[in-house]
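Enquirer: What shape does this take:
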Amino acid sequence: MIELAKLLISLVTLILTGSFSALQSRPSLVIVAPYAVPAVLYALNNNLVVHMQAYMDPSSYQVLSNLKIASTALLYSSCLGKKMTFRQWFALGLLMTAGVCHSYSSLDLEDTKGKSDANEHSKLRITAWGLFLVLVYCCVSGLAAVYTEMVLKRQKLPLSLQNLYLYVFGVALNLVLSFSTIANGRGFLEGYTFVVWVIIAGQAVNGLLMSVVLKHGSGITRLFVISCSIIYSIYKWLTKPLLSSLLSACSC
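Expert: Down below sits the predicted model:
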(Lines give C-alpha, C1' and ligand atoms only; values in the text may rest on other atoms or scores of the structure.)
Protein backbone atom coordinates (compact mmCIF):
# COMPACT_ATOMS: atom_id res chain seq x y z
CA MET A 1 0.00 0.00 0.00
CA ILE A 2 2.95 2.33 0.60
CA GLU A 3 4.24 1.67 -2.92
CA LEU A 4 0.74 2.16 -4.34
CA ALA A 5 0.37 5.48 -2.49
CA LYS A 6 3.68 6.70 -3.93
CA LEU A 7 2.64 5.54 -7.39
CA LEU A 8 -0.64 7.47 -7.24
CA ILE A 9 1.06 10.61 -5.89
CA SER A 10 3.67 10.42 -8.66
CA LEU A 11 0.94 10.06 -11.28
CA VAL A 12 -0.98 13.06 -9.92
CA THR A 13 2.23 15.10 -9.81
CA LEU A 14 3.01 14.13 -13.38
CA ILE A 15 -0.39 15.38 -14.51
CA LEU A 16 -0.27 18.63 -12.49
CA THR A 17 3.19 19.53 -13.80
CA GLY A 18 2.06 19.09 -17.40
CA SER A 19 4.44 16.22 -18.09
CA PHE A 20 1.74 13.64 -18.73
CA SER A 21 2.52 13.75 -22.45
CA ALA A 22 5.71 11.81 -21.64
CA LEU A 23 3.54 8.72 -21.06
CA GLN A 24 1.90 8.93 -24.46
CA SER A 25 4.99 7.61 -26.18
CA ARG A 26 5.86 4.00 -25.39
CA PRO A 27 9.05 3.92 -23.28
CA SER A 28 11.84 1.62 -24.36
CA LEU A 29 12.91 -1.33 -22.25
CA VAL A 30 16.38 0.18 -21.86
CA ILE A 31 14.87 3.17 -20.04
CA VAL A 32 12.39 1.30 -17.82
CA ALA A 33 14.35 -1.86 -16.92
CA PRO A 34 16.93 -0.18 -14.59
CA TYR A 35 14.11 0.79 -12.21
CA ALA A 36 13.36 -2.88 -11.50
CA VAL A 37 16.60 -3.27 -9.52
CA PRO A 38 15.89 -0.62 -6.83
CA ALA A 39 12.27 -1.81 -6.75
CA VAL A 40 13.47 -5.28 -5.73
CA LEU A 41 15.86 -3.86 -3.14
CA TYR A 42 13.26 -1.52 -1.65
CA ALA A 43 10.64 -4.28 -1.57
CA LEU A 44 13.08 -6.44 0.40
CA ASN A 45 13.87 -3.60 2.79
CA ASN A 46 10.24 -2.63 3.34
CA ASN A 47 9.40 -6.16 4.39
CA LEU A 48 12.52 -6.39 6.55
CA VAL A 49 11.44 -3.27 8.44
CA VAL A 50 8.14 -4.91 9.36
CA HIS A 51 9.71 -8.29 10.15
CA MET A 52 12.41 -6.79 12.40
CA GLN A 53 9.86 -5.33 14.81
CA ALA A 54 9.32 -8.81 16.27
CA TYR A 55 12.97 -9.05 17.34
CA MET A 56 13.61 -5.61 18.85
CA ASP A 57 11.88 -2.66 20.41
CA PRO A 58 11.09 0.42 18.28
CA SER A 59 13.81 2.56 19.90
CA SER A 60 16.50 -0.05 19.20
CA TYR A 61 15.38 -0.32 15.59
CA GLN A 62 15.36 3.45 15.15
CA VAL A 63 18.88 3.81 16.54
CA LEU A 64 20.46 0.77 14.86
CA SER A 65 18.88 1.47 11.49
CA ASN A 66 21.15 4.50 11.33
CA LEU A 67 24.01 2.10 10.65
CA LYS A 68 22.85 2.35 7.05
CA ILE A 69 24.52 5.76 7.06
CA ALA A 70 27.91 4.06 7.12
CA SER A 71 26.99 1.39 4.57
CA THR A 72 25.56 4.00 2.21
CA ALA A 73 28.66 6.17 2.54
CA LEU A 74 30.99 3.26 1.77
CA LEU A 75 28.99 2.26 -1.31
CA TYR A 76 28.59 5.89 -2.34
CA SER A 77 32.34 6.43 -2.22
CA SER A 78 33.31 3.15 -3.91
CA CYS A 79 30.57 2.77 -6.55
CA LEU A 80 30.09 6.40 -7.57
CA GLY A 81 33.68 7.45 -7.03
CA LYS A 82 32.68 10.35 -4.77
CA LYS A 83 35.41 11.42 -2.38
CA MET A 84 34.52 12.23 1.22
CA THR A 85 36.49 14.45 3.57
CA PHE A 86 38.12 13.21 6.76
CA ARG A 87 35.58 15.16 8.80
CA GLN A 88 32.71 13.35 7.09
CA TRP A 89 34.29 9.94 7.70
CA PHE A 90 34.94 10.87 11.32
CA ALA A 91 31.29 11.85 11.80
CA LEU A 92 30.19 8.54 10.30
CA GLY A 93 32.59 6.73 12.63
CA LEU A 94 30.97 8.40 15.62
CA LEU A 95 27.54 7.23 14.46
CA MET A 96 28.85 3.70 13.91
CA THR A 97 30.38 3.62 17.40
CA ALA A 98 27.15 4.84 18.95
CA GLY A 99 25.18 2.13 17.15
CA VAL A 100 27.57 -0.66 18.19
CA CYS A 101 27.57 0.47 21.84
CA HIS A 102 23.80 0.62 21.88
CA SER A 103 23.39 -2.83 20.34
CA TYR A 104 25.88 -4.36 22.80
CA SER A 105 24.31 -2.78 25.88
CA SER A 106 20.75 -3.75 24.92
CA LEU A 107 21.50 -7.20 23.47
CA ASP A 108 19.05 -9.65 25.07
CA LEU A 109 19.76 -13.35 24.57
CA GLU A 110 17.85 -14.47 27.66
CA ASP A 111 14.42 -15.93 27.73
CA THR A 112 11.89 -13.15 28.17
CA LYS A 113 8.98 -15.41 29.14
CA GLY A 114 7.29 -14.58 32.42
CA LYS A 115 7.96 -10.86 32.20
CA SER A 116 5.09 -8.44 32.47
CA ASP A 117 3.84 -6.68 29.37
CA ALA A 118 4.72 -3.31 30.88
CA ASN A 119 8.36 -4.25 31.43
CA GLU A 120 8.56 -5.87 27.99
CA HIS A 121 7.41 -2.73 26.20
CA SER A 122 9.55 -0.31 28.24
CA LYS A 123 12.86 -2.19 28.02
CA LEU A 124 15.39 -1.65 25.26
CA ARG A 125 15.69 -5.09 23.69
CA ILE A 126 17.25 -6.64 20.62
CA THR A 127 17.90 -10.31 19.87
CA ALA A 128 20.83 -11.76 17.95
CA TRP A 129 18.56 -12.49 14.98
CA GLY A 130 17.28 -8.93 15.07
CA LEU A 131 20.84 -7.60 14.98
CA PHE A 132 21.60 -9.75 11.93
CA LEU A 133 18.48 -8.50 10.14
CA VAL A 134 19.48 -4.91 10.88
CA LEU A 135 22.89 -5.46 9.26
CA VAL A 136 21.26 -6.98 6.17
CA TYR A 137 18.78 -4.11 6.07
CA CYS A 138 21.55 -1.50 6.25
CA CYS A 139 23.57 -3.08 3.42
CA VAL A 140 20.54 -3.44 1.15
CA SER A 141 19.40 0.10 1.98
CA GLY A 142 22.80 1.55 1.08
CA LEU A 143 22.94 -0.35 -2.19
CA ALA A 144 19.40 0.73 -3.09
CA ALA A 145 20.14 4.40 -2.37
CA VAL A 146 23.37 4.45 -4.39
CA TYR A 147 21.86 2.64 -7.38
CA THR A 148 18.72 4.81 -7.33
CA GLU A 149 20.77 8.01 -7.31
CA MET A 150 22.80 6.75 -10.25
CA VAL A 151 19.67 5.95 -12.29
CA LEU A 152 17.84 9.18 -11.40
CA LYS A 153 20.77 11.37 -12.42
CA ARG A 154 21.79 9.51 -15.56
CA GLN A 155 18.35 9.70 -17.17
CA LYS A 156 17.16 13.17 -18.10
CA LEU A 157 13.50 12.53 -17.34
CA PRO A 158 11.00 14.29 -15.05
CA LEU A 159 11.34 13.02 -11.50
CA SER A 160 7.64 12.17 -11.26
CA LEU A 161 7.96 10.00 -14.37
CA GLN A 162 11.01 8.23 -12.96
CA ASN A 163 9.15 7.63 -9.70
CA LEU A 164 6.27 6.24 -11.72
CA TYR A 165 8.50 3.66 -13.38
CA LEU A 166 10.06 2.75 -10.04
CA TYR A 167 6.81 2.30 -8.13
CA VAL A 168 5.11 0.32 -10.89
CA PHE A 169 7.72 -2.36 -10.26
CA GLY A 170 7.36 -1.84 -6.52
CA VAL A 171 3.60 -2.36 -6.56
CA ALA A 172 3.93 -5.47 -8.75
CA LEU A 173 6.59 -7.04 -6.51
CA ASN A 174 4.74 -6.36 -3.27
CA LEU A 175 1.50 -7.62 -4.79
CA VAL A 176 3.21 -10.92 -5.54
CA LEU A 177 4.55 -11.06 -1.98
CA SER A 178 1.08 -10.44 -0.60
CA PHE A 179 -0.25 -13.63 -2.20
CA SER A 180 1.21 -15.60 0.71
CA THR A 181 -1.01 -13.63 3.09
CA ILE A 182 -4.09 -14.26 0.97
CA ALA A 183 -3.21 -17.94 0.73
CA ASN A 184 -3.24 -18.15 4.54
CA GLY A 185 -6.88 -17.11 4.56
CA ARG A 186 -6.35 -13.57 5.78
CA GLY A 187 -7.91 -10.58 4.08
CA PHE A 188 -5.72 -8.22 2.08
CA LEU A 189 -6.58 -5.24 4.30
CA GLU A 190 -6.90 -7.16 7.56
CA GLY A 191 -5.59 -5.17 10.51
CA TYR A 192 -5.53 -1.85 8.65
CA THR A 193 -6.48 0.59 11.40
CA PHE A 194 -6.37 4.38 11.25
CA VAL A 195 -2.84 4.33 12.71
CA VAL A 196 -1.69 1.98 9.93
CA TRP A 197 -3.05 4.32 7.27
CA VAL A 198 -1.22 7.24 8.90
CA ILE A 199 2.02 5.21 8.81
CA ILE A 200 1.42 4.42 5.13
CA ALA A 201 0.91 8.11 4.31
CA GLY A 202 4.03 9.11 6.26
CA GLN A 203 6.22 6.46 4.64
CA ALA A 204 4.92 7.38 1.17
CA VAL A 205 5.75 11.06 1.65
CA ASN A 206 9.16 10.14 3.11
CA GLY A 207 9.99 7.97 0.10
CA LEU A 208 9.06 10.71 -2.36
CA LEU A 209 11.09 13.29 -0.44
CA MET A 210 14.13 11.01 -0.52
CA SER A 211 13.83 10.71 -4.30
CA VAL A 212 13.89 14.53 -4.55
CA VAL A 213 17.04 14.62 -2.40
CA LEU A 214 18.76 11.96 -4.54
CA LYS A 215 17.73 13.64 -7.79
CA HIS A 216 18.76 17.20 -6.96
CA GLY A 217 21.19 16.61 -4.10
CA SER A 218 23.41 13.67 -3.27
CA GLY A 219 23.64 10.58 -1.16
CA ILE A 220 25.66 12.53 1.42
CA THR A 221 22.81 15.02 1.80
CA ARG A 222 20.47 12.08 2.33
CA LEU A 223 22.79 10.77 5.06
CA PHE A 224 22.60 14.04 6.97
CA VAL A 225 18.81 13.94 6.77
CA ILE A 226 18.70 10.35 8.04
CA SER A 227 21.15 11.06 10.87
CA CYS A 228 18.70 13.56 12.37
CA SER A 229 16.37 10.67 13.26
CA ILE A 230 18.85 9.21 15.75
CA ILE A 231 18.94 12.49 17.66
CA TYR A 232 15.16 12.71 17.74
CA SER A 233 14.83 9.06 18.80
CA ILE A 234 17.22 9.45 21.73
CA TYR A 235 15.61 12.74 22.76
CA LYS A 236 12.17 11.15 22.72
CA TRP A 237 13.40 8.17 24.76
CA LEU A 238 15.08 10.41 27.37
CA THR A 239 12.07 12.70 27.77
CA LYS A 240 9.55 9.86 28.01
CA PRO A 241 9.84 9.48 31.84
CA LEU A 242 9.55 13.26 32.21
CA LEU A 243 6.41 13.37 30.07
CA SER A 244 4.92 10.47 32.06
CA SER A 245 5.58 12.31 35.31
CA LEU A 246 4.00 15.50 33.98
CA LEU A 247 0.92 13.61 32.79
CA SER A 248 0.60 11.88 36.15
CA ALA A 249 0.87 15.21 37.96
CA CYS A 250 -1.78 16.74 35.71
CA SER A 251 -4.15 13.82 36.29
CA CYS A 252 -3.83 14.32 40.04
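
Enquirer: give me phi/psi at Lys83?
Expert: Lys83 adopts backbone torsions of phi -80, psi 140, taken as degrees, to the nearest 10.

Enquirer: just Ile126 next, same as before
Expert: phi -150, psi 130.

Enquirer: isn't it right next to Ala54, touching?
Expert: No: shown here, Ile126 and Ala54 do not form a contact pair, counting by C-beta atoms under 8 Å, at 11.2 Å. (C-beta placed from N, C-alpha, C; glycine too.)

Enquirer: So which of these two has more stuff around it?
Expert: For Ile126 versus Ala54, neighbours defined as other C-beta atoms under 10 Å are more numerous around Ile126 (26 against 10).

Enquirer: Name the nearest residue to Gly207, sequence neighbours excluded.
Expert: Excluding its sequence neighbours, the residue lying closest to Gly207 (C-beta to C-beta, 6 or more residues apart in numbering) is Lys6, at 5.3 Å.

Enquirer: which residues in this structure form helices?
Expert: In the chain, the segments counted as helices under DSSP state H are 2-16, 29-32, 36-52, 58-64, 68-79, 86-105, 117-122, 128-154, 159-183, 194-216, 219-251.

Enquirer: Between the ones you listed, which has the poorest mean confidence score?
Expert: Lowest mean pLDDT within those: helix 117-122, a mean of 49.

Enquirer: Quick check: neighbours shared by Ile126 and Ala54?
Expert: With contacts taken as C-beta atoms under 8 Å, 6 or more residues apart in numbering, Ile126 and Ala54 have no neighbour in common.

Enquirer: so how many other residues sit close to Ile220?
Expert: The number of residues packed near Ile220 is 17, by other C-beta under 10 Å.

Enquirer: Could you do Gly217 as well?
Expert: So Gly217, with other C-beta under 10 Å, has 14 neighbours.

Enquirer: try the one 5 residues further on
Expert: A total of 21 residues lie near Arg222 under the criterion other C-beta under 10 Å.

Enquirer: Return the residues in contact with it.
Expert: 72, 145, 210, 213-214.

Enquirer: with the residues you listed in mind, which one is nearest to Val136?
Expert: Distance to Val136 across those (C-beta to C-beta) is lowest for Thr72, with 14.2 Å.

Enquirer: is it true that the closest one touches Leu223?
Expert: Yes: counting by C-beta under 8 Å, Thr72 sits close enough to Leu223 to count as a contact (6.0 Å).

Enquirer: Thank you, goodbye.
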